[in-house]
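> build me a structure from this.
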Amino acid sequence: MLKLFRGGDGSSGLLAVEERFVAMLHDARHVFDLATGARVGGTDPEMVAEDLRHTEDRTDDAERDIRRRVLVHASVHGRAADLPSCLRYMSVAKDAERIGDLSKQLFSIATSVGPVASGPVREDLAEISRALSPLIAEVAEAFRADDVDRAHRVITEAQQLKERCRVRIDALLREEEDIPSPAATVLTYRQISRVAANVINIGSAVVMPLDEMNYPVAE
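Numbering: from 1, shown residues only. Purely as a prediction, here's the structure:
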């Protein structure tokens, strides 16, 4: 879908934006991995706090840089500017920044209450996290390659993980499980679910027209 909006004068400027965006997503994945490692993987938060902070700051800087590049591109090329692609990059850059931000919030839960207690819930969270992490990298490569089939696969898998989180949140809210720190556990599932939602949004930029982005239909 993206290639339909590339081309014309100044398209190389948008390709530079694309590279910046893909690198930004890989940074966001790293922040997610550090955060979930601290919350469900047993990593000492103090050992990764500086790395997480610097990498998450880099995703913030990347979003601002992408906005500047897109605005310059549109200003310089005027009517020749690829407006749909400019709007698309603005949207997905925000989604990538949110993955980093949500992961930082997840890390804050780990620093506040520690890791999830050992047991089925922790195992479930670890399994979901391990499945979601590679999807962040996968959606970056689907975006780079404009690979519609690959993007659809990412969307489908991320939607399944999001649904798993929803089911578990509902059970915890109904107090069907007696676990330590249930509120923090609900928040953990919620943050991971929101990361999955942003992965889905980015995938939708590959498979959906601009006006239907963020409302993808899995195949």
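
> any idea how far apart the tips of stretch 169-186 sit?
6 Å (CA to CA, to the nearest Å).

> when you give positions from now on, start the count at 864
Let's use 864 as the start, then, which means that last one is stretch 1032-1049.

> give me the contact list for it.
Applying CB atoms under 8 Å, 6 or more residues apart in numbering, the contact partners of stretch 1032-1049 are 972, 975-976, 979-980, 982, 984, 1052-1053, 1056. The C-beta positions use only the backbone N, C-alpha and C, and glycine is treated the same way.

> give me phi/psi at Thr906?
Main-chain torsions, Thr906, degrees, to the nearest 10: phi -70, psi 140.

> quick revisit: now restrict the contacts of stretch 1032-1049 to buried residues only.
For these, a burial check counting by 16 or more other CB atoms under 10 Å picks out 972, 976, 979, 984, 1052-1053, 1056.

> closest to Arg931 out of the contacts of stretch 1032-1049?
Nearest to Arg931 among these: Ser1056, at 31.2 Å, using CB to CB.

> picking up where we left off before, need the buried ones among the contacts of stretch 1032-1049 in a markdown table with distance to Leu950, secondary structure and pLDDT, can you?
Shown next, in a markdown table, are these (distance: CB to CB, whole Å; DSSP: H, G, I helix; E, B strand; the rest coil; pLDDT from 0 to 100):
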| residue | distance to Leu950 | secondary structure | pLDDT |
| --- | --- | --- | --- |
| Ile972 | 34 | helix | 97 |
| Val976 | 40 | helix | 95 |
| Val979 | 39 | coil | 95 |
| Val984 | 40 | helix | 94 |
| Tyr1052 | 32 | helix | 98 |
| Arg1053 | 29 | helix | 97 |
| Ser1056 | 26 | helix | 97 |
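
> flag the shaky bits of the protein, pLDDT-wise.
Within the chain, the stretches with pLDDT under 70 are 864-876, 940-945, 1072-1082.

> give the other helices and strands that the host helix or strand of Glu986 contacts.
Using DSSP states H and E, Glu986 sits in helix 983-1008. Counting by 3 or more CB pairs under 8 Å, 6 or more residues apart in numbering; DSSP states H and E, the packing neighbours recorded for helix 983-1008 are helix 874-903, helix 1011-1036, helix 1045-1070.

> quick check: angle from the helix or strand just after the longest one to helix 874-903?
Proceeding C-terminally, helix 874-903 gives way to helix 908-940 as the next helix or strand, assigned by DSSP H and E. Helix 908-940 runs at 160 degrees relative to helix 874-903, counting by axes from the mean of the first three to the mean of the last three CA atoms, to 10 degrees.

> to Val911, which of the helices and strands packed on helix 983-1008 lies closest?
helix 874-903 (4.6 Å).

> ranking the helices and strands packed on helix 983-1008 by burial, who's on top?
Comparing those by mean neighbour count (mean count of other CB atoms under 10 Å), helix 1045-1070 ranks first with a mean of 23.
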